[in-house]
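Peer 1: one predicted model, sequence on top.
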Amino acid sequence: MNKRLFSLLALLTVSSLLAACGGAGTGDGGGELGEVVIAPGDPIHIAWIQTVTGATGPLGITNVRGAEVALNEISFTLLGHDIQWDGEDSLCSAEGGQAAGTRVASDPTVVAVMGTTCSGEARTASPLISEAGMVMISPSNTNPDLTNPEHPDAHPGYLRTAHNDLFQGRVAAEFAYNELGATTAATIHDGSPYAESLQAVFADVFVELGGTITSQAAVNVGDTDMGPVLTDLATGSPELIYFPIFEPEGNFIADQACDTAGLEDTILMGADGLLTSTFPAASGECSVGMFLSGPYVDATLQADFLASYNELFGEGPAAGFGPHSYDAMKMILASIEAVAVVDADGTVHIDRQALRDAMYAISGFAGLTGTLTCDANGDCATGEALAIFQVSAENVAGTVDLLTNAAYWTP
């Protein structure tokens, strides 16, 4: 296997590899979920399910590359075997997640999965990966339902290093009310699991703190004219609008808010879906001064990671969850090493249930994003790696990357 890291072209064409590659297979031994047997000379297969094209592509590409930094540290080898690292483009949609999940779940050589990028993908991919007996860990899914054991979207074998939006929504609301002094706010979501739940948590906490929610509006994925929604929101005179959605819809909202009568002085606030290198320039001058809640890692802690990332790819991360994907991959690798049984001839046996158990049992893991301990539901992050950022004129002009901005406020 070629150990060179993927170029962007490779990211866009790699989906065919899953069907083409042979190698390991599912053996008859192991627990109730079976085992993966990797013969001498065959690779250990780790797959990704990420959005790597379209407006949300920078999110998934950053996740894939963040994991590759960890893989490069071990020269893409583990237990005497090469690591096969390929995946499927899930398009940040439920349909894309189902298609990608179907393809990955049907490949018995896959030992573990890093996915998905967007929470909507996880809703459709996770049950397929779970049914196949595999383990999947996401660096960027934040929807609370995915790790809520009482919700149908929670499935065995799913974990995440990303924060739960129960944390992010509260942090955003506390910042808006306590730090900015806003007492009225409106929200906008796009119907996705990510946006709908995050704005709901924000609204609940904002009201709990003493604020008033003037409206909770919705747009559709694909909408470009946000005028009617913004005009309607303006009738409630909110001091702040919180819209935790993705590009490009978030770009249009930020850009058009300045032209909406009654919203000229309204504070705009988004979330990690817009915390990308591309958002400020695409949104224009109206986004200057806008606030974004999202992942935060102290510059000192991630200095080596960023240096490696830049050296490997010739640029910095385009989105904020690169350190989370690095941690996710390190956890996968450590868990595989912990449970693998290696025969004298180099054959590796990986019991799927044992691998799941090892992932859920992770405790006190010293990651870039904090000390990670996974609970029984798959939440491994505490929410400590969160901050509020502010878009600058330099970000809009393209002279300074938003991802390099210092945090405006940390909880």
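Peer 2: Ah, there it is. All values reported here derive from a predicted model rather than from experimental measurement. Residues are numbered from 1 along each chain as shown.
Peer 1: show me what the strand ranked longest in the chain is packed up against.
Peer 2: Ranked by residue count, the top strand of the chain under DSSP state E comes out as strand 81-89. Applying 3 or more Cβ pairs under 8 Å, 6 or more residues apart in numbering; DSSP states H and E, we find strand 81-89 packed against helix 15-20, strand 44-50, helix 57-73, helix 94-105. Bear in mind the C-beta positions are built from the backbone N, C-alpha and C, glycine included.
Peer 1: same thing but 7 Å
Peer 2: Helices and strands touching strand 81-89, by 3 or more Cβ pairs under 7 Å, 6 or more residues apart in numbering; DSSP states H and E, are helix 15-20, strand 44-50, helix 94-105.
Peer 1: and those, which is most packed in?
Peer 2: Among the helices and strands packed on strand 81-89, strand 44-50 has the highest mean neighbour count (mean count of other Cβ atoms under 10 Å), at a mean of 28.
Peer 1: partner strands of that strand, with direction?
Peer 2: strand 81-89 (parallel), strand 110-115 (parallel) (DSSP bridges).
Peer 1: quick one: low-confidence ranges for this structure?
Peer 2: Applying pLDDT under 70 to the chain picks out residues 1-30.
Peer 1: pick the most deeply packed of the strands paired with strand 44-50.
Peer 2: Comparing the strands paired with strand 44-50 by mean neighbour count (mean count of other Cβ under 10 Å), strand 110-115 ranks first with a mean of 29.
Peer 1: what helices or strands is the helix or strand following that one leaning on?
Peer 2: For strand 110-115, the following helix or strand on the C-terminal side (DSSP states H and E) is helix 119-131. Contact analysis of helix 119-131 by 3+ Cβ pairs under 7 Å, 6+ apart lists helix 94-105, strand 135-138, helix 193-209 as its packing neighbours.
Peer 1: got a markdown table for those, with distance to residue 294 too?
Peer 2: Converted to a markdown table, the helices and strands packed on helix 119-131 look like this (distance: least, Cβ to Cβ, whole Å):
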| stretch | distance to residue 294 |
| --- | --- |
| helix 94-105 | 22 |
| strand 135-138 | 16 |
| helix 193-209 | 11 |
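Peer 1: that older thread, closest one to residue 398 among the helices and strands packed on strand 81-89?
Peer 2: strand 44-50 (25.4 Å; Cβ to Cβ).
Peer 1: tell me the angle that closest one makes with helix 94-105.
Peer 2: 170 degrees (axes from the mean of the first three to the mean of the last three Cα atoms, to 10 degrees).
Peer 1: export strand 44-50 as PDB, just CAs?
Peer 2: Extracted C-alpha coordinates of strand 44-50, given in PDB (Å, rounded to 0.1, in the frame of the first residue of the first chain):
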ATOM      1  CA  ILE A  44      -5.100  -3.300   8.900                       C
ATOM      2  CA  HIS A  45      -8.100  -1.500   7.300                       C
ATOM      3  CA  ILE A  46      -9.400   1.700   9.000                       C
ATOM      4  CA  ALA A  47     -12.000   3.600   7.000                       C
ATOM      5  CA  TRP A  48     -13.500   7.100   7.100                       C
ATOM      6  CA  ILE A  49     -17.000   8.400   6.400                       C
ATOM      7  CA  GLN A  50     -16.600  12.100   5.800                       C
END
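Peer 1: next one: it to chain centre, how far?
Peer 2: How far strand 44-50 lies from its chain's middle: 15 Å, per Cα atoms, centre = their mean, to the nearest Å.
Peer 1: what angle do it and helix 119-131 make?
Peer 2: 150 degrees.
Peer 1: got the contact list for strand 44-50?
Peer 2: For strand 44-50, the surrounding residues in contact (Cβ atoms under 7 Å, 6 or more residues apart in numbering) are 18, 23-24, 38, 60, 63-64, 78-79, 81, 83-88, 90, 100-101, 104, 109-117, 121, 125, 332, 336, 348.
Peer 1: and this structure, what are its domains?
Peer 2: Recorded structural domains for the chain (assignment: automatic domain parsing) are 8-162+321-372, 165-296+386-404.
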